[in-house]
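Enquirer: quick one: sequence and predicted model below, then my questions.
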Amino acid sequence: KALKLIVTGGAGYVGSVCAARLLEAGHEVVVVDDLSTGHADAVPDGARFVEGDAADATAGLLAEGFDGVLHFAATSLVGESMQDPGKYWRGNVFTAIRLLDAMREHGTPRLVFSSTAATYGEPERSPIPETAPTMPTNTYGASKLAIDHAITSYARAHGLAAMSLRYFNVAGAYGRYGERHTVETHLIPLVLQVATGHREQIQIFGDDYPTEDGTAIRDYIHVSDLADAHLLALQHAERGVHRIYNLGNGTGFSVRQVIEACREVTGHAIPAAVAPRREGDPAILVAASDRAREELGWKPERTDLYGIVADAWRFTQERAQA
Ligand code: UFG
């Protein structure tokens, strides 16, 4: 059944890809984005666009009657969250609470929320299941965890059908939608900036981790597989219940392996230099996504690291020509 949905943060990376996929699936989409980090031209064709705050603008729309909200809008820089925590407690947590209150007031039935692997902190074991202890090591992760707790209690008390999706390392691109942060901190886009000549070299943050090649290991998941999970989450959401799912491929790649994949895909040498560890970076973050596979019927299809990098590279080159 076609749903009428609000997508906050739909001008951002993951939000724009998900909005595009929702439209393709026949849903009606209104994108709400304040364009603080998003781009107006990333809002998918066919979506109505309202520029504004994720809580205030959404609250203004909800009276029209919506089947659900997908809440992507957030600030997500780990380093910044330690320097300016208020920005994360206000911008992420307070905004989410105001959004939950507006949804309650208007009886909006469904919520899909972008949570993060950062809610787990330094994991005790790998891969990480949803039952792992949540001990975030940074304010960004803590802010997302606080929202997850709020959603649990709103779902229970007010009958909200809620899903939190904990993303591991999202990468790749989908059609004309991809990663284009003004302040880029993510590994793959930074390595590709070296390939395009916009950056001289890539720094490897630490090569003394307890891993095979000494560099940190992450679970890279294709943004299009991530979008699939959002569509499935919407279908499976149940009133009064808040479910949490980890989204990753279950395979980890080291920083060196990612750089090597980028060299092969781009054909560029990509000089790399070892630098000190980045504060708060866990050695290994790999998802156990069995719950999403079993309960949502989710099957990630673009799990090959080279394929993920190739899609990001195609997007980067197309942007450079545009
Ligand atoms: N890295 C480098 N050099 C760089 C950039 C990154 O070596 O120039 C390394 C990082 O130290 C890390 C890996 O590459 O080991 C991946 O780093 P990213 O910044 O791409 O991603 P993170 O794993 O740090 O971050 C992701 C999400 C965050 C989330 C975090 C959970 O993007 O939103 O996982 O810890 F908070």
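Expert: Perfect, I can see it now.
Enquirer: where's residue 264 relative to residue 27, distance?
Expert: According to Cβ to Cβ, to the nearest Å, residue 264 stands 38 Å off from residue 27. For glycine as for every other residue, the C-beta is placed from the backbone atoms N, C-alpha and C.
Enquirer: before we move on, what about residue 52?
Expert: Separation of residue 52 from residue 27 (Cβ to Cβ): 21 Å.
Enquirer: quick one: the helices in this protein, in order.
Expert: 13-24, 56-62, 78-83, 85-88, 95-106, 139-158, 187-195, 223-236, 255-266, 290-291, 305-321 (DSSP state H).
Enquirer: any residue of the last one touching the ligand?
Expert: No: counting by Cβ under 6 Å from any ligand atom, the ligand is not contacted by helix 305-321; separation bottoms out at 11.6 Å.
Enquirer: over to the longest one?
Expert: Yes: contact between helix 139-158 and the ligand is present through 140-141 (criterion: Cβ under 6 Å from any ligand atom).
Enquirer: contact residues of the stretch 151-300 of the chain facing the ligand?
Expert: For the stretch 151-300 of the chain, the residues in contact with the ligand (Cβ under 6 Å from any ligand atom) are 169, 185-187, 190, 202-205, 216, 218, 255, 278, 281, 285.
Enquirer: make it 8 Å
Expert: Counting by Cβ under 8 Å from any ligand atom, the residues of the stretch 151-300 of the chain close to the ligand are 167-170, 185-188, 190-191, 202-206, 215-218, 255, 258, 275, 277-278, 280-282, 285.
Enquirer: narrow the residues you listed to just the buried residues.
Expert: Using 16 or more other Cβ atoms under 10 Å as the burial test, these include 167-170, 187-188, 190-191, 202, 204-206, 215-218, 255, 258, 280-282, 285 as buried.
Enquirer: neighbour count winner among residue 52 and residue 27?
Expert: residue 27 (21 against 17; other Cβ atoms under 10 Å).
Enquirer: and the more buried one, what does it touch?
Expert: When contacts are counted by Cβ atoms under 8 Å, 6 or more residues apart in numbering, residue 27 touches 2-5.
Enquirer: related to what we said a few turns ago, tell me which of the helices of the chain is the most buried.
Expert: Comparing the helices of the chain by mean neighbour count (mean count of other Cβ atoms under 10 Å), helix 13-24 ranks first with a mean of 25.
Enquirer: what about it, near the ligand?
Expert: No: judged by Cβ under 8 Å from any ligand atom, helix 13-24 stays clear of the ligand, getting no closer than 10.2 Å.
Enquirer: that helix packs against which elements?
Expert: strand 4-8, strand 28-33, strand 68-71, helix 223-236 (3 or more Cβ pairs under 8 Å, 6 or more residues apart in numbering; DSSP states H and E).
Enquirer: save those as JSON lines, and put in mean pLDDT too.
Expert: Below are the helices and strands packed on helix 13-24 laid out as JSON lines (pLDDT from 0 to 100):
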{"stretch": "strand 4-8", "mean pLDDT": "98"}
{"stretch": "strand 28-33", "mean pLDDT": "98"}
{"stretch": "strand 68-71", "mean pLDDT": "98"}
{"stretch": "helix 223-236", "mean pLDDT": "98"}
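Enquirer: what stretches of the stretch 101-250 of the chain score poorly on pLDDT?
Expert: For the stretch 101-250 of the chain, applying pLDDT under 70 flags no range at all.
Enquirer: wait, what's in contact with residue 319?
Expert: Residues near residue 319 by Cβ under 8 Å, 6+ apart: 178, 180.
Enquirer: for the stretch 1-150 of the chain, which residue gets nearest to the ligand?
Expert: residue 118 (3.3 Å; Cβ to the nearest ligand atom).
Enquirer: what sits closest to that residue if chain neighbours are left out?
Expert: Closest residue to residue 118 apart from its sequence neighbours, by Cβ to Cβ, 6 or more residues apart in numbering: residue 141 at 3.1 Å.
Enquirer: count of neighbours near residue 89?
Expert: 16.
Enquirer: what sits against the closest residue to it other than its chain neighbours?
Expert: Computed as Cβ to Cβ, 6+ apart, the closest residue to residue 89 that is not its neighbour in sequence is residue 143, at 6.1 Å. Neighbouring residues of residue 143 by Cβ under 8 Å, 6+ apart: 74, 81, 88-89, 92-93.
Enquirer: good, we can wrap up now.
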